[in-house]
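K.L.:
Sharing a model that was predicted from the sequence below.
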Amino acid sequence: MKSDIIIIGGGAAGLMAAYGAAKANPDARIVILEKMPRPGRKILFTGKGRCNFTNLKPWNDFSQHIRTNPNFVKPAFYSWTPENEIDFLESCGLETVVERGDRAFPYSHRASEVLDTMVEAVLRLGVILFTGKEVVSVLPGFNVRCADGEMYQSDKLIIATGGLSYPMTGSSGDGYAWAKAFRHTVTPLFPSLTALVPKGYKVLGEPDESLKGHIHRETPMTAGAEALKGAKLKNVNLSVTIDGGSPETEFGDVDFTDGGIEGPVGFHVSRRCVKALMNGSKVSFSLDLKPGVPLEELSARIRTLWDEIRNDPRSRQWKDGRGINGKEMYRILLGKLMPWELIPGFQAWNPDILKTIPSKNERMGVQGGRRRFGRDARRSYEVRLDLLAKTLKDWRFEIVGFVGYERCVITAGGVSTDEVTAKTMESKLTPGLYFCGEILDMDCDTGGYNLQCAFSTGRLAGESAARSL
């Protein structure tokens, strides 16, 4: 089949490239080749299914969240801004809403509505979308061969195949090989915006020799990790230390998941940590759960709370051998200092704070006999209040690995932007060849930045290709 423009990949960048091309040249014959049964599957995973599709920060703030060469993205950003993306979706009938942190979502918080809106928009413009079309080779002259034996040829070719992250969505890194075939440089690839795995979090088996530091997300969790899983920390400090150097601290939210340490702050530091682990460096975390309270003040507050709990009549009453002992009082104390869902995990990871004092019978080696209730018969517990305060201010984890491409949000590295014209997304080495989206060496923080860059570079690539016909 002969066409004017072929776009390989029907994800966020590919769909927007098709839209940009069709708007710029309505007479152009534009074909999308998507290997999966449905386009844009990765869009469905963004924002935990809610689809944080862009961020409305102005360029000077937006660019701070682009990790590699923001100047390359600048022309694409201004050619298709976050406001343009919102206007486009709303003009197609999708209601949107802007939430905390300038993040834009569909009003329904359903990612499928964003995807459906984009697909319908390109189809209305006459774009031909083929699904289930796996490209196996790209030959000179932009002759594209698919796994089913079909051949496609075009004057312009846009590669929008994404990276390696979320392979179940069709991202298998094919585009990197084709870029290399056209003599392009592909910078080292590694997972980013991914879970970081503390020591003792996973039941570790044989290391992954193909990707140093990779611990598959499906690796079984330890009992301590199971206790932590699901806990979400708000407004904490996370300090990262690499090879004993000066710590770098980030403020925000942290989540404990089945993968490890995630959340906005965990993702923010993951890029640097993954690179360090792959290079054999030692990485450690320190969590400050009370960043606004100095240690001395926190220690005094804890002692006051402890005295209140200890002097409460319910803590001193015993009936038929039942009541609130030191262990239960400690749990009540923790409930006043942290979210309840964090308590089991915090206790499991910090067992030294609660010290067990054997009963008199245990100290004397008495075993068996009639069970007695009373001070000597029941076990006592001592809470190390100073250690509790220090741990709340400096809860340490040694990071031993990371979740890989199977569940990372974005692939860092890719086609070198030094070999791509920023104002058109066209290859500097092969005229008529364009790149856009995640295949480029262009990754960002979470918060809608990656999708906006995919939309902006895709729109510019499609528009440039169509205007050059």
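P.N.:
Nice, thanks for sending it over.

K.L.:
going forward, measure contacts and count neighbours with C-alpha atoms only.
P.N.:
OK.

K.L.:
Give me the distance between whichever strand or helix holds residue 180 and the centre of its chain.
P.N.:
Using DSSP states H and E, residue 180 falls within helix 174-181. Relative to the centre of its chain, helix 174-181 is centred 25 Å away, using CA atoms, centre = their mean, to the nearest Å.

K.L.:
now stretch 422-432
P.N.:
30 Å.

K.L.:
can you tell me how far the closest residue to residue 183 other than its chain neighbours sits from residue 190?
P.N.:
Leaving out its chain neighbours, the residue that sits closest to residue 183 by CA to CA, 6 or more residues apart in numbering is residue 429, at 7.3 Å. Going from residue 429 to residue 190 by CA to CA, to the nearest Å gives 25 Å.

K.L.:
So for these two, which sits in the more crowded spot?
P.N.:
residue 190 (21 against 13; other CA atoms under 10 Å).

K.L.:
Phi first, then psi, for that one.
P.N.:
Here is the backbone geometry of residue 190 (degrees, to the nearest 10): phi -160, psi 160.

K.L.:
That one contacts residue 413, doesn't it?
P.N.:
Yes - Residue 190 is within contact range of residue 413, at 6.7 Å (criterion: CA atoms under 8 Å).

K.L.:
Remind me what the helix of greatest length in the chain packs against, helices and strands.
P.N.:
Looking across the chain with DSSP state H, the single longest helix is helix 449-467. Packing contacts for helix 449-467, counted by 3 or more CA pairs under 8 Å, 6 or more residues apart in numbering; DSSP states H and E, involve helix 12-24, strand 54-55, helix 70-79, helix 82-91, strand 151-159, strand 433-435.

K.L.:
mind putting the ones you listed in TSV, mean neighbour count and mean pLDDT included?
P.N.:
As requested, those are exported to TSV (neighbours: other CA atoms under 10 Å; pLDDT from 0 to 100):
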stretch	mean neighbour count	mean pLDDT
helix 12-24	28	98
strand 54-55	26	98
helix 70-79	18	98
helix 82-91	17	98
strand 151-159	22	98
strand 433-435	28	98
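
K.L.:
Compare the ones you listed and give me the one nearest residue 394.
P.N.:
strand 54-55 (32.8 Å; CA to CA).

K.L.:
Lowest mean pLDDT among the helices and strands, pick that one out for this structure.
P.N.:
helix 360-364 (a mean of 52; mean pLDDT, DSSP states H and E).

K.L.:
just how off-centre is the helix or strand following the helix holding residue 180 within its chain?
P.N.:
With elements assigned by DSSP H and E, the helix or strand that comes after helix 174-181 is strand 190-192. Distance of strand 190-192 from its chain centroid, counting by CA atoms, centre = their mean, is 10 Å.

K.L.:
which other residues reach strand 190-192?
P.N.:
When contacts are defined by CA atoms under 8 Å, 6 or more residues apart in numbering, strand 190-192 is touched by residues 165, 267, 270-271, 274-275, 403-405, 408-413.

K.L.:
Just checking: what are the partner strands of it?
P.N.:
Taking DSSP bridges as the criterion, strand 190-192 sits next to strand 410-412 (antiparallel) in its sheet.

K.L.:
can you give me how far the strand it pairs with is from the chain middle?
P.N.:
The answer for strand 410-412 is 10 Å, by CA atoms, centre = their mean.

K.L.:
In three-state terms, label residue 61 for me.
P.N.:
helix (DSSP: H, G, I helix; E, B strand; the rest coil).

K.L.:
Use 7 as the first number from now on
P.N.:
All right, first residue 7 from here; so that's residue 67.

K.L.:
where does it sit relative to residue 171, distance-wise?
P.N.:
Here the criterion is CA to CA. By it, residue 67 lies 26 Å from residue 171.

K.L.:
ok, these two, which is more surrounded?
P.N.:
Using other CA under 10 Å, the more surrounded residue of residue 67 and residue 171 is residue 171, with 26 against 10.
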